[in-house]
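Asks: compute the structure for the input listed below.
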Amino acid sequence: MLNNMSFYKFMHKQIIVLLYLFVSTGLTYVVIGHLYSSYLPEITWYIFMLLLSLWGYRLYKEYSINNYSIDEKERWLNRLRYFLFIYFSAWTVMFFTYVSRDIIELHYIAITTQLGVSVVSATILVSEKKLALFILTTSMLPLTVYLILVGEPYSYFIASLTFVLGWVLLYASRNTYNYLQKSQFQAYHDYLTKLGNRRYFIELLEDAIKIQKSDNKYMYLLLVDLDHFKTINDTLGHDIGDMLLIEAANRMNKLAKIHKATISRLGGDEFCILSSTCKSKEESLEKAKKFAQEMLDTIKQTYFIAGHHLYISSSIGVSIIDNPNMTANTFIKEADIAMYEAKSEGRNGITVFNNELSIRIERKLEIERLLHFAIENNEISLKYQPQLNYKNEVIGCEVLARWHNEKLGNIGPDEFIPISEQTGFIIELGYFILEEAFKAFSDWDKKGVSLNQLSINVSMRQMFCIDFADNVVKLSKKYLSQKLCSKVVFEMTETSVAQDINKLVEIMHKIKKCGIRFSMDDFGTGYSSLSYLRQIPIDELKIDKSFIGEIDKTNKSVNMIKTILNIAKNFGLSIVAEGVETQMQKDFLIKEKCDILQGYYFLKPVDKVDFEKYLTTIKNQ
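Replies: Okay, the predicted model is just below:
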């Protein structure tokens, strides 16, 4: 049935061509009947042909108007086959009528017409192999028998030529059919795994949506993505990767058949599976989870490929087909969203799409889209939060980026910074922050505002950007003196420094030649070993605010802070405590000889003007 997916429209188009051809050509029989004073057979036959043509036109319109499912298309195609057989056979009736008469000219007309019908059947019905063979045989056989019965040498010769012509037509029809089948297979199947491709799956899914609309039954969609497949491709080569894909596809296809489901390869290492129908949404969801878990277990089993023992897991997104008003691409998108959620949760898992997930992802996509215009639309602003010493003197500040969008309102950095890192926009955003911060620092210096340090957050995505160090040097020379450069501190988060230590150290040394110092932000929250403090040329540790907030609640946090302070002293590093919000926290940190304090207890992040006012207020106290 599914092999006819690309031929329904083809056969639908042939109907109108055939109707025009037969109705116009059939009219010549009426003219011939008039010339040879024979009206009744020709007119009766032509009326019969017109009635058949109305039947054919009805089939044509029926397909045009109705949005059939594949099952309905198949039933329509069967009715079309009956029509075509009768429509072509009607010409054989006139052939027998004319050759039974004594007028030789009518014999010639009958022979020519029958040959023409045979050629038309071999051409028009090329996609219907069995029907074309049957009609071609029933058209050529009476003609060949007639010529043999004439009993003359020339008639035997023509009969043999007729047989040869029939064989040629049959051969050409078969070759064309095979070519169409091959083209259809290539158009609807993946060349590597031989599974259906995206086009095949979308048509199949569209048909499933029609079934859901008419029968009110439910189906589910699984989108399977192989985890870390790119690593295998990059390390072992694409040949091994292809063999792994084929083996994984065979496993999934075997399991899909057990569950009476259909699997296709959407592209790369993504596969989509469509289930059979279920009576309820609950049953569909239960079966989807069970099937997905079996799929996870099947994919995880060891692969033996070209002498390699390979292990691979998968992430699976599930979407329930329960809304006939949605498109096939929408359901695939839902499963895709769920699959990426499974990846973000650690891979090798299953996530079912739901409205909450949809809202979260839609917001993320909207932020991603609008973020690219944020700098251009002057929506990014810099805030400054003071850093004080134990004497309550402002000795520096941290530069913090804020984003206000007309549509979304205020978006916190904890939301837009990770997205900017994922999309690569952090490179452009980071450059903007650096330039604006350097401008502000230079401006304060000109106004006589003295600060010992200006802390700026930089991400690993920025650090490893090929021209980051060069941009820092360029901006430093443009806006800062050597003295000001030595007061700039770049903050890196502990959780991200372990990517490529050697490369990172090389970049840091290049930047430190400008005089810029480095701080390890959020210290204590990551998984870095103490050896990193020895390897990485940092000058400062920054205690994460989560520990500061627990000072008056747990002894563990107090002990952790004391430990970090001791580590800093032993390594000769200055220490900053962020997130100070109470007098008790401040007193504790001063008692433990923390170098720099920062938090809402002193001042929340403010713009440049308000920060200058705060400096004046502190100085006058």
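Asks: any idea how the protein splits into domains?
Replies: Residue ranges for the domains of the chain, per automatic domain parsing: 2-188, 198-353, 384-401+424-620.
Asks: now render these as TSV, adding distance to residue 369 and mean neighbour count.
Replies: No exception for glycine: its C-beta is placed from N, CA and C like everyone else's. Formatted as TSV, those follow (distance: least, Cβ to Cβ, whole Å; neighbours: other Cβ atoms under 10 Å):
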stretch	distance to residue 369	mean neighbour count
domain 2-188	33	16
domain 198-353	16	18
domain 384-401+424-620	11	17
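Asks: how about the ones you listed, which one is nearest residue 368?
Replies: When these are compared for distance to residue 368 using Cβ to Cβ, the nearest one is domain 384-401+424-620, at 8.2 Å.
Asks: tell me the mean pLDDT for that closest one?
Replies: Averaging pLDDT along domain 384-401+424-620 yields 89.
Asks: got the end-to-end distance for it?
Replies: End-to-end distance of domain 384-401+424-620: 20 Å, with Cα to Cα, to the nearest Å as the criterion.
Asks: now stretch 308-317
Replies: End-to-end for stretch 308-317, by Cα to Cα: 29 Å.
Asks: show residues contacting that stretch.
Replies: 222-229, 232, 236, 240, 244, 248, 292, 295-296, 299-300, 302-304, 334-343, 347-351, 353 (Cβ atoms under 8 Å, 6 or more residues apart in numbering).
Asks: specify the local secondary structure of residue 454.
Replies: Assigned by DSSP: H, G, I helix; E, B strand; the rest coil, the conformation of residue 454 is strand.
Asks: what is the longest helix anywhere in the chain packed up against?
Replies: If you go by DSSP state H, the chain has its longest helix at helix 153-188. For helix 153-188, the packing partners by 3 or more Cβ pairs under 8 Å, 6 or more residues apart in numbering; DSSP states H and E come out as helix 104-124, helix 129-150, helix 198-215.
Asks: let's see that with 6 Å instead.
Replies: helix 129-150 (3 or more Cβ pairs under 6 Å, 6 or more residues apart in numbering; DSSP states H and E).
Asks: can you list contacts of the helix it packs on?
Replies: Residues outside helix 129-150 that contact it (Cβ atoms under 6 Å, 6 or more residues apart in numbering): 81, 88, 92, 99, 114, 117-118, 121-122, 125, 155, 158-159, 162-163, 166, 170, 173, 177.
Asks: circling back to that earlier point, closest one to residue 378 among the domains of the chain?
Replies: That would be domain 384-401+424-620 among the domains of the chain, by Cβ to Cβ, at 10.6 Å.
Asks: thinking again about what came up before, just the contacts of stretch 308-317: which are in strands?
Replies: The members of the contacts of stretch 308-317 that map onto strands under DSSP state E are 222-226, 303-304, 350-351.
Asks: what's near enough to touch the residue of the chain positioned farthest from its centre?
Replies: Here the centre of the chain is the reference, and by Cα atoms, centre = their mean the most remote residue is residue 102, at 72.2 Å. Shown in contact with residue 102 (Cβ under 6 Å, 6+ apart): no residues.
Asks: equivalent analysis for the one 4 residues further on, please.
Replies: Contact criterion Cβ under 6 Å, 6+ apart gives residue 98 as the residues in contact with residue 106.
Asks: that one and residue 487: what is the separation?
Replies: Distance of residue 106 to residue 487, computed by Cβ to Cβ, to the nearest Å: 110 Å.
Asks: list the contacts of stretch 587-598.
Replies: Contacts to stretch 587-598, defined as Cβ under 6 Å, 6+ apart, come from residues 387-388, 390, 551, 565, 574-578, 580.
Asks: mind checking which of these are in helices?
Replies: Short answer: the contacts of stretch 587-598 in helices (DSSP H) are residue 565.
Asks: let me have the contacts of stretch 587-598 in TSV, adding distance to residue 27 as columns.
Replies: As requested, the contacts of stretch 587-598 are exported to TSV (distance: Cβ to Cβ, whole Å):
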residue	distance to residue 27
387	98
388	102
390	108
551	101
565	104
574	102
575	101
576	97
577	99
578	93
580	98
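Asks: and which of the contacts of stretch 587-598 is nearest to residue 405?
Replies: Distances from residue 405 to those, taken by Cβ to Cβ, are shortest for residue 578, at 26.3 Å.
Asks: so the closest one makes contact with residue 545?
Replies: Yes. Applying Cβ atoms under 6 Å, one finds residue 578 in contact with residue 545, separated by 4.9 Å.
Asks: longest strand in this structure, by residue count?
Replies: strand 394-405.
Asks: and it, which strands flank it?
Replies: Note on strand 394-405: by DSSP bridges, its sheet partners are strand 380-388 (antiparallel), strand 409-411 (antiparallel), strand 453-457 (parallel).
Asks: so can I have JSON lines of those showing distance to residue 429?
Replies: Output for these, formatted as JSON lines (distance: least, Cβ to Cβ, whole Å):
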{"stretch": "strand 380-388", "distance to residue 429": "7"}
{"stretch": "strand 409-411", "distance to residue 429": "13"}
{"stretch": "strand 453-457", "distance to residue 429": "11"}
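Asks: nearest the geometric middle of this protein, what residue?
Replies: Nearest residue to the geometric centre of the chain (Cα atoms, centre = their mean): residue 336, 6.4 Å.
Asks: grab the nearest non-local neighbour of it.
Replies: Distances taken as Cβ to Cβ, 6 or more residues apart in numbering place residue 223 nearest to residue 336, at 5.6 Å, with adjacent residues excluded.
Asks: where does the residue nearest to residue 209 when sequence neighbours are not counted land in three-state SS?
Replies: Leaving aside its chain neighbours, residue 209 sits nearest to residue 324 (5.6 Å; criterion: Cβ to Cβ, 6+ apart). What three-state DSSP gives for residue 324 is coil.
Asks: distance check, residue 26 against residue 18.
Replies: As judged by Cβ to Cβ, residue 26 and residue 18 stand 12 Å apart.
Asks: right, and the strands paired with strand 394-405 - which one's nearest residue 186?
Replies: Across the strands paired with strand 394-405, closest to residue 186 is strand 409-411 (Cβ to Cβ), at 47.0 Å.
Asks: any chance you could list what contacts that closest one?
Replies: Residues from elsewhere that reach strand 409-411 (Cβ under 6 Å, 6+ apart): 403-404.
Asks: can you pull the buried residues of that strand?
Replies: Buried residues in strand 409-411, defined by neighbour count with 16 or more other Cβ atoms under 10 Å: residue 411.
Asks: any idea how far residue 430 is from the nearest residue to residue 413 once chain neighbours are set aside?
Replies: Spatial nearest neighbour of residue 413, excluding adjacent residues (Cβ to Cβ, 6+ apart): residue 401 at 5.9 Å. Distance of residue 401 to residue 430, given as Cβ to Cβ: 9 Å.
Asks: try residue 82
Replies: 71 Å.
Asks: state the mean pLDDT of stretch 221-231.
Replies: Rounded mean pLDDT across stretch 221-231 is 92.
Asks: and it, C-alpha only, in CSV?
Replies: Output in CSV follows, covering the C-alpha atoms of stretch 221-231 (Å, rounded to 0.1, in the frame of the first residue of the first chain):
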residue,chain,number,x,y,z
LEU,A,221,5.5,9.7,17.9
LEU,A,222,9.0,8.9,19.1
LEU,A,223,12.0,11.0,18.0
VAL,A,224,15.2,9.1,18.7
ASP,A,225,18.6,10.9,18.6
LEU,A,226,21.8,8.9,19.1
ASP,A,227,24.0,10.5,21.9
HIS,A,228,27.6,11.5,21.0
PHE,A,229,27.4,9.9,17.6
LYS,A,230,29.5,12.7,16.2
THR,A,231,32.3,11.6,18.5
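Asks: so what touches it?
Replies: Residues from elsewhere that reach stretch 221-231 (Cβ under 6 Å, 6+ apart): 269-274, 292, 312-319, 331, 335-336, 339, 347.
Asks: so which of those residues are in helices?
Replies: Counted as lying in helices by DSSP H, out of the contacts of stretch 221-231, are 292, 331, 335-336, 339.
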